[in-house]
Structure formats: structure tokens, C-alpha cells
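Novice: here are the coordinates; sequence isn't available:
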């Protein structure tokens, strides 16, 4: 499958409404995957767990993450990020990044809804994390678009010798 160009990746990560799935490691070593809201700014992915969420406790103990950002409609754009989540603002520092929290909400609901969401959840302690893309392993792909070779829809390792496709 073709990789997204830098411009395609930026445009995709900035597309409103696309959820991200974050995978963290539980204390017993098992994975935990949670769909969440995010924002792409300054070539990093920012997200915010509530204090009582299981995945926040996992991040406090082990900051390794895998992020999956994808879409259902063609061309099936996908970005996978494997890296380390950096705690930027801990519980109790919400007022220092509330505008960014509003921008995160604004990717998923209209401006009035984003304001209401922030106002209605202001008493829910949360933290702010980021994963810098330049220090993470980032993989992306999409289906071939018009004018590209349709044979490139899978990585070569998926084709068995003598395959007809």
C-alpha cells in the first residue's frame, strides 16, 4: 500500500471527527485499547485522560503507547504511532491547557458543544499527554488512488510466491 506523504499525513491527522485508539500496557502485561479524542499540533499527538480512567494509571506506570488513527471510507488512510507518551500537565494543572482541551473537543463537536463539554466536565480532573512524532515510529498507508498501481495494495510480504494478483 502506498505510504501517506508528509502533506497527506498532516491533512489526515488534522481531519475533524476521526477517533484514535490508544493501546497501553496493564500492570499484568496485557494490552488495553481505548478509543479517544485527540489533536495533532506541532507534529505531535495530544490527548487527555481523566484521572480515574484505567489507561491513565497504565500511562503513569509505563508510558509506552501504540496509537491507531484510521478511517472507514476510501482511501482507508491509516497512521500507526509507536512511542512514549510524555506527561505535559498533571492532574490539577487543567487551567494551564484548557484552550487546548477546547480545541480537542472542537474536533468532534461544534464550537458551542465544545464550550459546553469543557464547562460540563471542568470538575473532572485530567492530565495532558503528547507523543512527539519525530521521536516515535510512525507508519502510514492508504489504498492506491486513481493513477496509482492497484497491485500495490498490500506489502510484498503478504503475497505468496506465484500469486495471481
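Specialist: Happy to help now that I have it. Predicted, not measured: the structure shown is a model, and the values here were computed from it.
Novice: what are the bridge partners for residue 87, then?
Specialist: Judged by DSSP bridges, the bridge partners of residue 87 are residue 129.
Novice: ok, it touching residue 131?
Specialist: No: look at residue 87 against residue 131 with CB atoms under 8 Å: they stay out of range, at 11.2 Å. C-beta here means a position set from N, CA and C on the backbone, and glycine is covered the same way.
Novice: have a look at the two and say which one is more surrounded.
Specialist: Using other CB atoms under 10 Å as the criterion, residue 87 and residue 131 rank with residue 131 on top: 23 against 14.
Novice: ok now the host helix or strand of that one, how far from the chain's centre?
Specialist: Using DSSP states H and E, residue 131 sits in strand 128-132. Distance, stretch centre to chain centre, for strand 128-132: 10 Å (CA atoms, centre = their mean, to the nearest Å).
Novice: downstream of it, the next helix or strand is which one?
Specialist: strand 137-141.
Novice: counting neighbours, which bits of that next one end up buried?
Specialist: 138, 140, 141 (16 or more other CB atoms under 10 Å).
Novice: wouldn't the first one be in contact with residue 79 here?
Specialist: Yes: using CB under 8 Å, residue 138 is in contact with residue 79, at 6.7 Å.
Novice: measure the closest residue to residue 128 other than its chain neighbours to residue 97 for me?
Specialist: Spatial nearest neighbour of residue 128, chain neighbours left out: residue 89 (4.2 Å); criterion: CB to CB, 6 or more residues apart in numbering. Distance from residue 89 to residue 97, counting by CB to CB, to the nearest Å: 5 Å.
Novice: and for residue 123?
Specialist: 16 Å.
Novice: how close does the residue most central in space within the chain sit to residue 149?
Specialist: In the chain, the centroid-proximal residue (CA atoms, centre = their mean) is residue 20; its distance is 4.0 Å. Distance, residue 20 to residue 149, by CB to CB: 30 Å.
Novice: also residue 9?
Specialist: Taken as CB to CB, the span from residue 9 to residue 149 is 21 Å.
Novice: excluding residues flanking it in the chain, which one is nearest residue 10?
Specialist: In space, residue 10 is closest to residue 40, 7.4 Å off (CB to CB, 6+ apart).
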